[in-house]
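Undergrad: Any chance you could fold what I've pasted below:
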Amino acid sequence: MPSAVAECHIRSADGFLIVYSATDRHSFEAVPAIKRLLDDQRRARNVSCVVVANKADLQHQRRVTTAEGERAAAELACAFFETSASDGGDDIAEAFHELYREVKRRKLLEGKSRRRSSAQQVKQVLNKVFKIQNAS
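TA: All right, here's what the predicted structure looks like:
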């Protein structure tokens, strides 16, 4: 069960990168549970997610194949990328760009604009109150 702070971040985020290590089967096996947690916390299916396999440069230590990662991502309805953070390749940026595109597509499909922050809402209420007082 995530902490209250984690729950708040999950509810307010627009999208998620779920990263596992290609050299650690346990981290790979946690991916579906993480996706379920995100879905449950957001109370919506098809939360915008991209699955990323890290440490692709360590072929001699690999415990999870590319095909397994692709299959798991497809089952979760997520895009899939394989990268190496230590190499700093373009695929890292592409994973973030894909997440951004997915969030934008989802917002267009849902027809929702971004919620205003509470500070903007308070400002609007205060402006209305002061206009009413000045009109009196």
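Undergrad: Figure out how far the host helix or strand of residue 26 is from the centre of its chain.
TA: Per DSSP states H and E, residue 26 falls inside helix 25-29. Relative to the centre of its chain, helix 25-29 is centred 19 Å away, using CA atoms, centre = their mean, to the nearest Å.
Undergrad: Which residues does the next helix or strand after it contact?
TA: Per DSSP H and E, the first helix or strand lying C-terminal to helix 25-29 is helix 31-42. Applying CB atoms under 8 Å, 6 or more residues apart in numbering, the contact partners of helix 31-42 are 2, 7, 10-11, 16, 18, 20, 45-47, 49, 51, 72, 75-76, 78. The way it works is simple: take the backbone N, C-alpha and C, and place the C-beta from them, glycine included.
Undergrad: Give the buried residues for helix 31-42.
TA: 31, 34, 35, 37, 38, 41, 42 (16 or more other CB atoms under 10 Å).
Undergrad: quick one on the thing from earlier: in the helix holding residue 26, what counts as buried?
TA: Using 16+ other CB under 10 Å as the test for burial, helix 25-29 gives 27, 28.
Undergrad: sorry, back to before: can you say which of the contacts of helix 31-42 are buried?
TA: 10, 16, 18, 20, 47, 49, 51, 72, 76, 78.
Undergrad: Using CSV, lay out those together with pLDDT and secondary structure.
TA: What follows is those, written out as CSV (pLDDT from 0 to 100; DSSP: H, G, I helix; E, B strand; the rest coil):
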residue, pLDDT, secondary structure
10, 78, helix
16, 93, strand
18, 96, strand
20, 97, strand
47, 78, coil
49, 93, strand
51, 97, strand
72, 97, helix
76, 93, coil
78, 93, coil
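Undergrad: What segments of this structure are helices?
TA: Secondary structure of the chain (DSSP state H): helices at 4-12, 25-29, 31-42, 66-75, 90-110, 118-135.
Undergrad: In TSV: those helices, plus distance to residue 59.
TA: Shown next, in TSV, are the helices of the chain (distance: least, CB to CB, whole Å):
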stretch	distance to residue 59
helix 4-12	33
helix 25-29	15
helix 31-42	21
helix 66-75	11
helix 90-110	16
helix 118-135	49
